[in-house]
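Undergrad: pasted the sequence and its predicted model underneath.
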Amino acid sequence: MKKDKVLLHFAPEKAVVPAYAKAASKFGRTLVVIAPNPDDFDGLGVRVVGWNRGEGPEALGTRLLGMFGKGTEAFTTSELCLPEFAIVNDLLGEAQNPTAVYSQARDKWHMKEAWLNANVPTAKARLFNDADQAAASPPSAYPLIVKPRTGFASCGVRKVTDQDTFRGALKKLSQINRLVLEHGAQKSSGVIIEEFIDGPEFAVDTLWSKGEPRIHFVMSREPMHGTTFPDSLYYCDPALPTDKRRVITTAVEAAGRALGIMAGSTHTELRLKMVDGALAAFIIESTPRAGVGGLFHYAFSEAYGWSTIELALLAELPELSSEFDHFLSQVNDSLLPQKLSYYYQPLRTVYGRVKEVIGVEELLSLGFASRVDLFCKPGSLLVNPELSLNYWAWVLGGSADAAEMAEQMKIIDQTLSLTFA
């Protein structure tokens, strides 16, 4: 192992940097952040290399080669920057996954085609070039899902129940494609009309090594709210039945193999429903990065009782594959959650420019919440919540069971809030 080997963390969320830096140090690496907003990382004690988004990924990769040399290790936890990371990582010459795994990761239609070709169950769908083309061929049966081809964080995803809601969803999606999603898209933003899978939803973070899935962190999700799909509640549930967990993880493994995943993290979302008397999983999306930029590892560590972020980092580093295997053998008896741990984001009913965040210290004093991660500050602009674009706060908590968790979420809703200018 080289002394002071550099590990580049491409476009991370500030909240996860300390944990990744600590894990990197344990494995003989010095974490260096690559970010378009270096000032956001002040006070964390890590080196930050600025990246002007006007500088293309080829130029950035060439600059990083000059600074750190060929073979420099890099990884990303950012969904939005996956296409740029693909180019940079390829230039650095240490990529474990094929470049296309990252460059196509925001293309929902590309993923769906890969799954269909590999006989991985996924919702039936049609692709349209734009909202006008979709409107000219309205569906004859509902409900359905309308979503962008190159979205993120449930942005623009809507359930439609009739022709009126279908037309309204297309109008909103046209605005989102034009104003939000075109920047950084590798293909022109299109529209996908998809079968609605009516069943419980799950999210799974999987760690891969040498083309094999090694461990799954399964999280249950909250029932949908109305016609949109805001990211509000994810929880590790020890009470999840073994047979249901097996259906979920088998589908996730098939989806990852179809996409060509070799190493690192994937975040996969799916729904379950009964088909011919048997429980079946239908893949919704999967991307080669950790859930919510790696933030869910705090919940995983609470649920499993050991540092899952260390294991996730080992999965990114081919030089340390033997340490990855050893770590797995050490936690072999605790590969299922030992307690219920959750991340919860209170849903907003108003939006605008933030004046103040209220209730953080009070909430932490109550004991059941162990951390509150804020993604806004005074002066931040939060957009219409129905777009499901912005996280504003995640609360990490633990409870004895789902009923107690529900009571705690009511307290969070009453305690944590925003005021607007």
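TA: Looks like it arrived, so ask away.
Undergrad: show me the protein divided up by domain.
TA: 5-95, 124-195, 201-342, 345-420 (automatic domain parsing).
Undergrad: A255 and A403: what is the separation?
TA: Noted for A255: a distance of 32 Å to A403, by CB to CB, to the nearest Å. For every residue, glycine as well, the C-beta is placed using N, CA and C.
Undergrad: W109 is nearest to which of the domains of the chain?
TA: domain 124-195 (5.1 Å; CB to CB).
Undergrad: residue closest to the middle of the protein?
TA: The centroid of the chain falls nearest to G291 when counting by CA atoms, centre = their mean (3.2 Å).
Undergrad: the closest residue to it other than its chain neighbours in helix, strand or coil?
TA: Closest residue to G291 apart from its sequence neighbours, by CB to CB, 6 or more residues apart in numbering: H267 at 4.2 Å. Under DSSP: H, G, I helix; E, B strand; the rest coil, H267 falls in the strand class.
Undergrad: same deal with W394?
TA: Quick answer, by three-state DSSP: W394 is strand.
Undergrad: I'd say it and L295 touch.
TA: Yes: if you go by CB atoms under 8 Å, W394 and L295 touch, sitting 6.2 Å apart.
Undergrad: any common contacting residues for these two?
TA: Y343, D373 (CB atoms under 8 Å, 6 or more residues apart in numbering).
Undergrad: rank the domains of the chain by mean pLDDT and give me the bottom one.
TA: Per-stretch mean pLDDT for the domains of the chain is lowest at domain 124-195 (a mean of 77).
Undergrad: rewinding a little: what separation do you get for the residue nearest to the centre of the chain and C376?
TA: 20 Å.
Undergrad: ok so K172 is a helix residue?
TA: Yes: under three-state DSSP, K172 sits within a helix.
Undergrad: can I assume it is in contact with R158?
TA: Yes: between K172 and R158 there is a contact under CB under 8 Å: 7.3 Å.
Undergrad: what about the two, which has more around it?
TA: Taking other CB atoms under 10 Å, K172 and R158 do not tie; R158 has more neighbours (23 against 16).
Undergrad: so L418 is in which element?
TA: strand 417-420 (DSSP states H and E).
Undergrad: please apply the same query to R167.
TA: Applying DSSP H and E, one finds R167 within helix 163-176.
Undergrad: quick one: strands adjacent to the next helix or strand after that helix?
TA: Sequence-wise, the next helix or strand downstream of helix 163-176 (DSSP H and E) is strand 191-195. Next to strand 191-195 in the sheet, as set by DSSP bridges, lie strand 125-128 (antiparallel), strand 144-148 (antiparallel).
Undergrad: ok, G277 - contacts?
TA: Applying CB under 8 Å, 6+ apart, we find G277 in contact with no residue.
Undergrad: could you pull up phi and psi at it?
TA: phi 80, psi 0 (degrees, to the nearest 10).
Undergrad: what's the spacing between A312 and V17?
TA: 14 Å.
Undergrad: cool, and R221?
TA: 26 Å.
Undergrad: and G199, by the same measure?
TA: 36 Å.
Undergrad: before we move on, what about V350?
TA: Distance from V350 to V17, by CB to CB: 31 Å.
Undergrad: what about the two, which has more around it?
TA: Neighbours were counted for V350 and for V17 using other CB under 10 Å; V17 has more, 23 against 11.
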